[in-house]
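> Here is the input, now give the coordinates:
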Amino acid sequence: MRHFSLLGGLCMAALLTFASPVRAQSRLILAISEGTSGGLGHASVIAKYQDLANVIGGVLKTKVSVVFAREFATLENGMKDGRFDFVMARPSDYPARGMRDNGYRYLASAKPDGQCLIIVPKDSPLRRLEDARGKRFVMPEQVSYMSRFCRAELRDRGIDLAKENVQYVREQGAVPFYMANNFADVGAIASYSGPARKLAKDGLRVLHASIEQPYFPLVAHGKFNPEQLRAIQKELLALSEKPGGNEILQRIGIAAFDTASENRMQEFAQLAG
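All right, here's what the predicted structure looks like:
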């Protein structure tokens, strides 16, 4: 009887070990942030990015689960604490700070790169960026990455927004609204934003396009070795040639992955605030 009890105890211990949190935590996590331009719920983000997570998991021969980092604080704290194994996020300054401050490693960024677009109404008399001095500007919220990016571009082109009439709005979608209703003469948006995809429809045109910066970077926790990172990069580069690969890229809204921008990301990380 005692022998039976001991055997039963060992079997129960084995079952508990199999179901333990340690085993559950062996799965890897891909954290996704679409910035303030999204509007998706957690289930929609999982549906959108799980196939990409499966590509990474296929290389590492393990399960990679998608987590939606809706709030920027969640994204930053997750990288600070090392809870996220992979992070793909916009704005790009968050993964950049993850590389600079938390030991994350560059894997890839999206094609095409991101730019700040300075826009005006289609019939605006402004023809050069210099003509925008003294006009009414509408910009994304002041603390946002895109606002800082655009502000730096304008500064480098001789326009100091501290001396201009500037209205800041929470959502980039409000920029065309302000211009359509004559609340502003000049606007600034991201090249990858929703408003940028329908400029002509909204009666707007690009006055100036900034320098390019890495867009929607994908970074990995520092625990992965160089061979693993290179294997993932190889798979990401070949994605468009794989069955279903183009569908994955289209679903997440990019043309392809770029794995050759690590130096640019490191330079960008030094300016990421």
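
> Show me the shaky parts of the stretch 151-273 of the chain.
Low-confidence regions of the stretch 151-273 of the chain, defined by pLDDT under 70, span residues 271-273.

> just so I have it, where are all the helices in it?
The residue ranges that make up the helices of the stretch 151-273 of the chain, judged by DSSP state H, counting those that start in this stretch, are 174-180, 226-237, 245-252, 262-269.

> Tell me which of those sits most buried.
Scoring those by mean neighbour count under mean count of other CB atoms under 10 Å gives helix 174-180 as the most buried, with a mean of 20. Every C-beta, even on glycine, is put in place using the N, C-alpha and C of the backbone.

> Asp51 touches Ile248, doesn't it?
Yes. Because the distance of 4.8 Å satisfies CB atoms under 8 Å, Asp51 is recorded as touching Ile248.

> wait, which of the helices of the stretch 151-273 of the chain is closest to Arg155?
helix 262-269 (16.7 Å; CB to CB).

> Could you check the angle that closest one makes with helix 226-237?
Between helix 262-269 and helix 226-237, the angle formed by their directions is 100 degrees, by axes from the mean of the first three to the mean of the last three CA atoms, to 10 degrees.

> what's helix 262-269 in contact with?
Counting by CB atoms under 8 Å, 6 or more residues apart in numbering, helix 262-269 makes contact with 92-93, 95-97, 99-100, 106, 109, 213-214, 217, all of which sit outside it.

> what would these look like in a markdown table with neighbour count, distance to Tyr168 and secondary structure?
Output for the contacts of helix 262-269, formatted as a markdown table (neighbours: other CB atoms under 10 Å; distance: CB to CB, whole Å; DSSP: H, G, I helix; E, B strand; the rest coil):
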| residue | neighbour count | distance to Tyr168 | secondary structure |
| --- | --- | --- | --- |
| Ser92 | 25 | 20 | coil |
| Asp93 | 23 | 18 | helix |
| Pro95 | 31 | 24 | helix |
| Ala96 | 28 | 23 | helix |
| Arg97 | 19 | 22 | helix |
| Met99 | 23 | 28 | helix |
| Arg100 | 17 | 26 | helix |
| Tyr106 | 24 | 31 | strand |
| Ser109 | 27 | 27 | strand |
| Gln213 | 25 | 21 | strand |
| Pro214 | 23 | 25 | strand |
| Pro217 | 31 | 25 | strand |
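
> For those residues, give me a markdown table that also has distance to Ala174.
As requested, the contacts of helix 262-269 are arranged in a markdown table below (distance: CB to CB, whole Å):
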| residue | distance to Ala174 |
| --- | --- |
| Ser92 | 22 |
| Asp93 | 21 |
| Pro95 | 26 |
| Ala96 | 26 |
| Arg97 | 27 |
| Met99 | 31 |
| Arg100 | 31 |
| Tyr106 | 33 |
| Ser109 | 27 |
| Gln213 | 23 |
| Pro214 | 26 |
| Pro217 | 26 |
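
> so which of those comes closest to Gln270?
Arg100 (7.0 Å).

> Nearest spatial neighbour of the closest one, chain-adjacent residues omitted?
Nearest in space to Arg100, with sequence neighbours left out and distances taken as CB to CB, 6 or more residues apart in numbering, is Ala269 at 4.0 Å.

> what about that neighbour, distance to Leu218?
Per CB to CB, to the nearest Å, Ala269 is found 14 Å from Leu218.

> Ok, Ala196 next?
22 Å.

> higher neighbour count, those two?
For Ala196 versus Leu218, neighbours defined as other CB atoms under 10 Å are more numerous around Leu218 (24 against 18).

> Run a quick check on the more buried one versus Ala108, I expect a contact.
Yes. The pair Leu218 and Ala108 qualifies as a contact (CB under 8 Å) at a distance of 4.7 Å.

> what's the overlap in contacts for these two?
Taking CB under 8 Å, 6+ apart as the contact rule, Leu218 and Ala108 both touch 236, 257.

> mind giving me the domain ranges of this protein?
Each domain of the chain is listed here as a residue range: 7-113+214-269, 116-209, per automatic domain parsing.
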